[in-house]
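Visitor: have a look; sequence and predicted model below, questions after that.
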Amino acid sequence: MLGVRNSEPDRKGVTHVGIAERKASGERIREAEEARDALRAALSGVGVTLPSLGLDCVSLAADPPYPLVELGRCAPRTALRLAEALTGAAGASGGAAGCGAR
């Protein structure tokens with residue numbers, strides 16, 4: 001089970017993480033990196049660059065890590081270009097872009 005330690009804390013109160021949990025943590029980080037890279041490529045394809053796009057450092061520091069993709073801040077012009085790209089994608093697919101916008 002993820003999040004469950006394989007041993008009791010040692011004399012210093014440190015709980016050692018098992019190999020399976022480390023492997024799962026590494027896989028979650030790789031998946032987040034792949035998601036970030038796929039998003040960066042897709043945005044680049046429609047002429048949008050999010051300058052702060054990356055992995056959220058705080059979520060990586062959790063024990064075990066549950067990484068989040070940080071979209072970051074952007075200039076209003078970039079936000080408008082992103083909105084145009086999403087609107088175009090929604091129109092092409094015949095539905096909403098699924099971003100929660102109302």
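Guide: Sure, I can see it.
Visitor: what are the ranges of the helices in this structure?
Guide: 19-45, 57-61, 76-93 (DSSP state H).
Visitor: closest to Pro51 out of those helices?
Guide: helix 76-93 (8.0 Å; Cβ to Cβ). To be clear about C-beta, it is placed using only N, CA and C from the backbone, and glycine gets the same treatment.
Visitor: the closest one versus helix 19-45: what angle between them?
Guide: Computed by axes from the mean of the first three to the mean of the last three Cα atoms, to 10 degrees, the angle separating helix 76-93 from helix 19-45 equals 90 degrees.
Visitor: what are the buried residues along helix 76-93?
Guide: Under the neighbour-count criterion of 16 or more other Cβ atoms under 10 Å, helix 76-93 has Thr78, Arg81, Leu82, Ala85, Leu86, Ala89 buried.
Visitor: which one of those residues sits closest to Gly26?
Guide: Using Cβ to Cβ, the buried residues of helix 76-93 come closest to Gly26 at Leu82, 30.9 Å.
Visitor: once you drop chain neighbours, what's closest to the closest one?
Guide: Spatial nearest neighbour of Leu82, chain neighbours left out: Val48 (5.0 Å); criterion: Cβ to Cβ, 6 or more residues apart in numbering.
Visitor: do you know the pLDDT at the one you found?
Guide: Val48 is assigned 95 on the pLDDT scale.
Visitor: which of the helices of the chain sits closest to Val69?
Guide: Of all the helices of the chain, helix 19-45 sits nearest to Val69, with 5.0 Å by Cβ to Cβ.
Visitor: let me see the mean pLDDT of the closest one.
Guide: 93.
Visitor: which elements pack onto it?
Guide: strand 54-55, strand 69-70 (3 or more Cβ pairs under 8 Å, 6 or more residues apart in numbering; DSSP states H and E).
Visitor: what strands line up against the last one, and which way round?
Guide: Under the criterion DSSP bridges, strand 69-70 sits next to strand 54-55 (antiparallel) in its sheet.
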